[in-house]
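# Quick one: sequence plus predicted model below, questions after.
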Amino acid sequence: MQQFLGIHRGYFTLIFAILLCLFFQLSNAPEGFPPLGWKLLGIALLMIVFWISEWVPFAVTALIPLLLFPTCGISNFKDAAAPYANPVIFLFLGGFLIAIALEKTELHKRIALNIIKRTGTSFTGVLFGFMLATALLSMWISNTATTVMMVAIAVPAIQMIFSKDENTAHRTRFATFLLLGIAYSSSIGGISTIIGTPPNAVLYGLLESTQGIELGFVQWMGYAFPIAIMMFFAVYLYFKSKLKTLNQREDSRTLKSMAVSPLKEMGKFSRAQKIVGSIFLLTVFLWFFRSLINDWLGAKFLDDTVIALLGGVLPFLIPVKFGTKSFIVKWEDTLHLPWNILLLFGGGLSLAAAMETTGLVSWAANWLVNSSGSSLILMSILLPLIMLFLTELMGNVALASLFLPLTIQISTILGVPVEYFAFPATIASSFAFMLPVSTPPNAIVYGLGYFSVRQMMRSGFWFNVIGIAIIVLYNLLYFFVFKSK
């Protein structure tokens, strides 16, 4: 019966979204509203309903601009399709390929276990080790893959620590904060780099395509990494205070063994791990020193996308053993590459470009500025706050594609750098801590059954509040204190 009702709700959602879109196509725009912007609003609402309901696959929804923009007169097919080849898509493709090499050789697992081995000497040490490993890895590989791997290590660790203890309340309490720490650290770590989480890449593409601004790897990390550090320690210290009530029953040797034993089973670094590790370090080195290398060469040979693709292609070219065809990564390994995310980028950027050309963004930005009395401080609080709580309900890639063009336009109206509102809004889109449906990491740890939605909402709400406070205050300091010098 429940499945029957779910199917019918899905069809109702589908019909409602289509009728809503048709209303905007067949009716006249209100006075002062751009006519093409009115039609585009109907298509945008259709995509939003699909994205929120998840009745239609994300990647299929992302193809709607190719179908409806030419049909409804928004743009021709060539212009609608151009954003699907935006450099940011290939930047993320390179990042995904690097992640495949790390995962295939289990180098990411070795890195995580080595971190845990050096920090896991107490309950709070175990918590810190897992959170630190998760945050560092999610800077470079998807937060979903990172969370899945860390959970696979954490669940046996929980069982090992409490193997001699029948107190299920203690086990549940420890597991709750450890698993939430992993999920939250995955989201926090991802904000630090351009390839760490999709909204960062959406911002990268928008700034380049609409403003001609090249957002460098170092520039973004210089802004976002301090926020990630502050938020990481806010989460850790909160959960640490909750774990102080548990008695320490296991000595450090037992706790360390949960990382030492798997490392012993893995043995020494394999040749493939050494090669992938070298490629990864080379890629990070080039990202950090790209500008210096280009200046030294006297030409702009390197950009972040080229570097990402270099790091992604090399594992296909370097054999594990020279003289053979046994390459580190084969094309078959890309079958699990999240191609749907790349399509989602394209659809989001196509929608954002149309919002700009039809005047929809300008209208919405002017309305919002007039409603707020052109207050810079109020807007600097309001925009990331809206972004943060909306991302609890819908995917952050889709939300970033819809919302970031608005922040850029508002910056132009108020006469501040476009990054002033866009940067904090992008960060806020990754700070969804309250609900299981908000992010894949939240859903993964919730599915293990150690805690309720109410427990996640209770801690997540306060982390949302802390996150907004950190973002707003840091943003003010960054642009009006550090950048003004």
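Cool, the structure landed.

# what sits against the closest residue in space to Phe431 that isn't next to it in sequence?
Spatially, and ignoring its direct neighbours in sequence, Phe431 is nearest to Gly467 (4.1 Å; C-beta to C-beta, 6 or more residues apart in numbering). The C-beta positions use only the backbone N, C-alpha and C, and glycine is treated the same way. Neighbouring residues of Gly467 by C-beta atoms under 8 Å, 6 or more residues apart in numbering: Met231, Leu388, Ala428, Phe431, Phe433.

# where does the first one land on pLDDT?
If I follow you right, that is Met231. Looking at Met231, its pLDDT is 95.

# distance of it from Gly190?
From Met231 across to Gly190, the span is 11 Å (C-beta to C-beta, to the nearest Å).

# between these two, what contacts are shared?
Counting by C-beta under 8 Å, 6+ apart, no residue touches both Met231 and Gly190.

# Does Ser430 belong to a helix, a strand or coil?
Using DSSP: H, G, I helix; E, B strand; the rest coil, the structure places Ser430 in coil.

# Flag the shaky bits of this protein, pLDDT-wise.
Scanning the chain for pLDDT under 70 picks out the ranges 1-10, 120-121, 159-170, 245-260, 323-324, 372-374, 393-394, 437, 481-485.

# Kindly report the domain assignment for it.
1-61, 88-336 (automatic domain parsing).

# Can you pull the phi/psi pair for the residue nearest the centre of the chain?
Taking C-alpha atoms, centre = their mean, the centroid of the chain lies closest to Thr197, which sits 2.6 Å from it. According to degrees, to the nearest 10, the main-chain angles of Thr197 amount to phi -150, psi 140.

# Check Phe327 too.
Main-chain dihedrals, Phe327, degrees, to the nearest 10: phi -80, psi 160.

# contacting residues for Val313?
Gly94, Leu97 are the contacts of Val313 under C-beta under 8 Å, 6+ apart.

# where's it relative to Ile100, distance?
Taken as C-beta to C-beta, the span from Val313 to Ile100 is 12 Å.

# how many other residues sit next to the nearest residue to Phe96 once chain neighbours are set aside?
Distances taken as C-beta to C-beta, 6+ apart place Leu337 nearest to Phe96, at 5.2 Å, with adjacent residues excluded. If you count neighbours by other C-beta atoms under 10 Å, Leu337 ends up with 14.

# How about Trp367?
Close neighbours of Trp367, defined as other C-beta under 10 Å, add up to 12.

# Just confirm it is within a strand.
No. Residue state for Trp367 (three-state DSSP) corresponds to helix; a strand is not indicated.

# ok, back up a step: hmm, Leu97 and the residue nearest to Phe96 touching each other?
Yes. Look at Leu337 against Leu97 with C-beta atoms under 8 Å: they come within range, at 7.4 Å.

# Packing partners of the stretch of helix or strand Phe69 belongs to?
Phe69 is part of helix 64-71, with elements assigned from DSSP states H and E. On a contact count with 3 or more C-beta pairs under 8 Å, 6 or more residues apart in numbering; DSSP states H and E, helix 64-71 meets helix 35-53, helix 77-81, helix 339-357.

# need those helices in CSV with distance to Gln455 and mean neighbour count, can you?
Below are the helices and strands packed on helix 64-71 laid out as CSV (distance: least, C-beta to C-beta, whole Å; neighbours: other C-beta atoms under 10 Å):
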stretch, distance to Gln455, mean neighbour count
helix 35-53, 24, 20
helix 77-81, 44, 15
helix 339-357, 30, 23
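
# To Leu136, which of those lies closest?
helix 339-357 (21.4 Å; C-beta to C-beta).

# so how far is that closest one from its chain's centroid?
Helix 339-357 sits 16 Å away from the centroid of its parent chain (C-alpha atoms, centre = their mean, to the nearest Å).

# can you check stretch 439-449 too?
Taking mean C-alpha positions (C-alpha atoms, centre = their mean), stretch 439-449 and its chain are 15 Å apart.

# Kindly format the C-alpha coordinates of it as PDB.
Extracted C-alpha coordinates of stretch 439-449, given in PDB (Å, rounded to 0.1, in the frame of the first residue of the first chain):
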ATOM      1  CA  THR A 439      23.700  15.100   1.800                       C
ATOM      2  CA  PRO A 440      24.800  11.600   0.900                       C
ATOM      3  CA  PRO A 441      27.100  11.400   3.900                       C
ATOM      4  CA  ASN A 442      24.200  12.200   6.300                       C
ATOM      5  CA  ALA A 443      22.100   9.500   4.600                       C
ATOM      6  CA  ILE A 444      24.900   6.900   4.800                       C
ATOM      7  CA  VAL A 445      25.500   7.300   8.500                       C
ATOM      8  CA  TYR A 446      21.800   7.600   9.400                       C
ATOM      9  CA  GLY A 447      21.100   4.300   7.500                       C
ATOM     10  CA  LEU A 448      23.300   2.400  10.000                       C
ATOM     11  CA  GLY A 449      20.500   2.800  12.700                       C
END
